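Q: quick one: sequence plus predicted model below, questions after.
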Amino acid sequence: MKLRLKGFGLLLLIVLLALCSTIDVCDAARRGKHWRPRSSPSSSLLKRKGKTKKGSSHRQHGGSRPSPKQPVSPPPGPGAGKGYQTPYQPSPNAPPGPSLQPSPAKGNGHQNPKPPPPSCGKGNQPPPQPPPATSEGAVFNVVDFGAKGDGVSDDTKAFQAAWAAACKQGASTVLVPSELEFLVGPISFSGPYCKPNILFQLEGTILAPTNAKAWGSGLLQWLEFTKLNGLSIQGSGTINGRGQQWWTYSDPNDDEDDDTYNQELERMPQALRFYGSSNVVVAGITIVNSSQCHLKFDNCQGVLVHDLTISSPENSLNTDGIHLQNSKDVSIHHTNLACGDDCISIQTGCSNIYIHNVNCGPGHGISIGGLGRDNTKACVSNVTVRDVNMFRTMTGVRIKTWQGGIGLVQDVRFSNIQVSEVQTQTPIMIDQFYCDKRHCTNQNISSGQCQAFSMRTSGNIHDQASPFSMQ
């Protein structure tokens, strides 16, 4: 019995020793540096993809191997989902999900390191939008203000209303649409309280009234723009003065009817007039059959005229193409002018006038003057006319002054004037005895003079005894 008890005690001792040996081996294993906790296959997959469920946390225990030369990043917060894979961190407010890219339509979150698509804004900013229709750049169509455009109904009030709206807005457009004819009476598009930089886009046709009652009495204007800054009139449309009834009133060569003729001349409306304005552009449009001057600039500064067409019959009296008076810094180029008087008339008070690449004819040529009428003082300076074609004109280029007038014409240059079928024998003329009637009283010249006047002509001058005369 005792022997059995000893054997059982020995067996129990051996078992205890074996158990203690097993525990030491496990502890030694736990102290090894290569141990790491096991993780479930699903969590490992999420970690490799860089995506975790909201609120999950994976912590490495002491003794783990750091990633080789990885940039140091702050610990990811809940829902960050990219762990330590890249230094780029999404916005803490970014919604969890399989994609961290912001929606192009919403523009939320941080910008993608790659260039964003053109439709995306920066951060939370919306993509840039064009200005609303009621802000700068607004278009005011005269049809929207009641214009009929049938060539019969009076559309004057509609034009006035459209202009008033554009005048308040500034940097806007008054649109005269194409394929319509608008009957418009005498009208003044005026400042100075209009905001600057208004565009008058002419695509249709504007017709002058033929009824005498529409004009009233006194000095007549038709389309007048006054005291404006930055005005542009452009387009492919037409201004039709329908001036045929005015051209047959009287004969200017009839001495007995001079007074009547002059009164009628003063009353004849000019088609398009600018007064007291600056930075004016007229481009692309056509002006036809004005009763008197087609286009006039009076007391203006900074004028640009190009790609303009003016046309009226050569027997239409006093229908100057472009008339300049008391204006400076004017450029006229690439323009076709055909009329019954001067293609371009430069009057007193003008300076810094540059004319080039112009076709003139029929007409009376390009003139400075007549200056000094009724014993007045007149001065013109710094005028250049070059690269001009004259065809079937009465003269070429000329300076004309009235007897008894005083003043100065200086710094004038004519260069490369091409003439063909010019009526006078001297296409370049300085006339100090100018008279637009059959007879003028001879007067002594007070101090009319031309100083620093230089001429250069080249090209074809056909059938002329002398290219230049002075009298």
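A: Ah, there it is.
Q: just the helices from this structure, written as ranges.
A: Taking DSSP state H as the test, the helices found in the chain are 2-30, 41-49, 156-169, 258-267.
Q: and these, which one is worst for confidence?
A: Across those, the stretch with the lowest average pLDDT is helix 41-49; it has a mean of 37.
Q: how about residue 175: which residues does it bridge to?
A: In this entry, residue 175 is beta-bridged to residue 141, residue 201, by DSSP bridges.
Q: these two touch, right, it and residue 203?
A: Yes. Counting by Cβ atoms under 8 Å, residue 203 is a contact partner of residue 175 at 7.3 Å. Any C-beta I mention is one placed from the backbone N, CA and C, and that applies to glycine too.
Q: compare those two and say which one has the larger neighbour count.
A: residue 175 (21 against 17; other Cβ atoms under 10 Å).
Q: now the more buried one: how far from residue 304?
A: Here the distance between residue 175 and residue 304 works out to 21 Å (Cβ to Cβ, to the nearest Å).
Q: and the pLDDT at residue 107?
A: Confidence for residue 107, expressed as pLDDT, is 37.
Q: no no, residue 95
A: The predicted structure lists residue 95 with a pLDDT of 40.
Q: can I assume residue 286 is in contact with residue 235?
A: No. The pair residue 286 / residue 235 is not scored as a contact, 9.5 Å apart, by Cβ under 8 Å.
Q: who's in contact with residue 285?
A: The neighbourhood of residue 285, defined by Cβ atoms under 8 Å, 6 or more residues apart in numbering, consists of 202, 233, 234, 235, 236, 237, 238, 239, 308, 309.
Q: now with 10 Å?
A: Listed by Cβ atoms under 10 Å, 6 or more residues apart in numbering, the contact partners of residue 285 are 200-203, 206, 233-239, 272, 295, 307-310.
Q: what of residue 313?
A: Taking Cβ under 10 Å, 6+ apart, we find residue 313 in contact with 244, 247, 289, 319, 338, 339, 340, 362.
Q: what about the stretch 301-450 of the chain, any weak spots by pLDDT?
A: 443-450 (pLDDT under 70).
Q: the stretch 101-250 of the chain now?
A: Counting by pLDDT under 70, the stretch 101-250 of the chain shows low-confidence ranges at 101-136, 218-219, 249-250.
Q: sorry, back to before: which neighbours do residue 286 and residue 235 share?
A: When contacts are counted by Cβ under 10 Å, 6+ apart, residue 286 and residue 235 have residue 202 as shared neighbours.
Q: please name the bridge partners of residue 226.
A: For residue 226, the residues forming beta bridges with it (DSSP bridges) are residue 190, residue 275.
Q: between the contacts of residue 313, which sits nearest residue 412?
A: Distance to residue 412, by Cβ to Cβ, is smallest for residue 339 among those, at 22.3 Å.
Q: burial measure for that closest one, as a count.
A: For residue 339, the count of nearby residues is 29 (other Cβ under 10 Å).
Q: now do the one 5 residues further on
A: By other Cβ under 10 Å, 30 other residues sit near residue 344.
Q: just residue 337 next, same as before
A: Residue 337 is surrounded by 28 other residues when neighbours are defined as other Cβ under 10 Å.
Q: so which of the contacts of residue 313 are in strands?
A: Counting by DSSP state E, the contacts of residue 313 place residue 338 in strands.
Q: most neighbours, which of the contacts of residue 313?
A: Top of the contacts of residue 313 by neighbour count (other Cβ under 10 Å): residue 319, with 31 neighbours.
Q: would you agree that one is in contact with residue 296?
A: No. With contacts counted by Cβ atoms under 10 Å, residue 319 stays clear of residue 296, the gap being 11.7 Å.
Q: what sits in contact with each of those two?
A: Listed contacts common to residue 319 and residue 296 are 270, 271, 290; contacts here mean Cβ under 10 Å, 6+ apart.
Q: turn those into JSON lines, columns for pLDDT, distance to residue 151 and neighbour count.
A: What follows is the shared contacts of residue 319 and residue 296, written out as JSON lines (pLDDT from 0 to 100; distance: Cβ to Cβ, whole Å; neighbours: other Cβ atoms under 10 Å):
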{"residue": "270", "pLDDT": "92", "distance to residue 151": "22", "neighbour count": "25"}
{"residue": "271", "pLDDT": "96", "distance to residue 151": "17", "neighbour count": "27"}
{"residue": "290", "pLDDT": "96", "distance to residue 151": "18", "neighbour count": "32"}
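Q: thinking again about what came up before, hey, what's in contact with both of residue 175 and residue 203?
A: Among the neighbours of residue 175, those also in contact with residue 203 (Cβ under 10 Å, 6+ apart) are residue 235.
Q: now, the contacts of residue 285 that are in strands?
A: 200, 201, 202, 206, 233, 234, 238, 239, 272, 295, 309, 310.
Q: just flag the most distant two among the residues you listed.
A: Pairwise distances among the ones in strands among the contacts of residue 285 were taken by Cβ to Cβ; the largest, 19.4 Å, belongs to 201 and 310.
Q: what about these two, which has more around it?
A: Of the pair residue 201 and residue 310, residue 310 is the one with more neighbours under other Cβ under 10 Å, namely 29 against 22.
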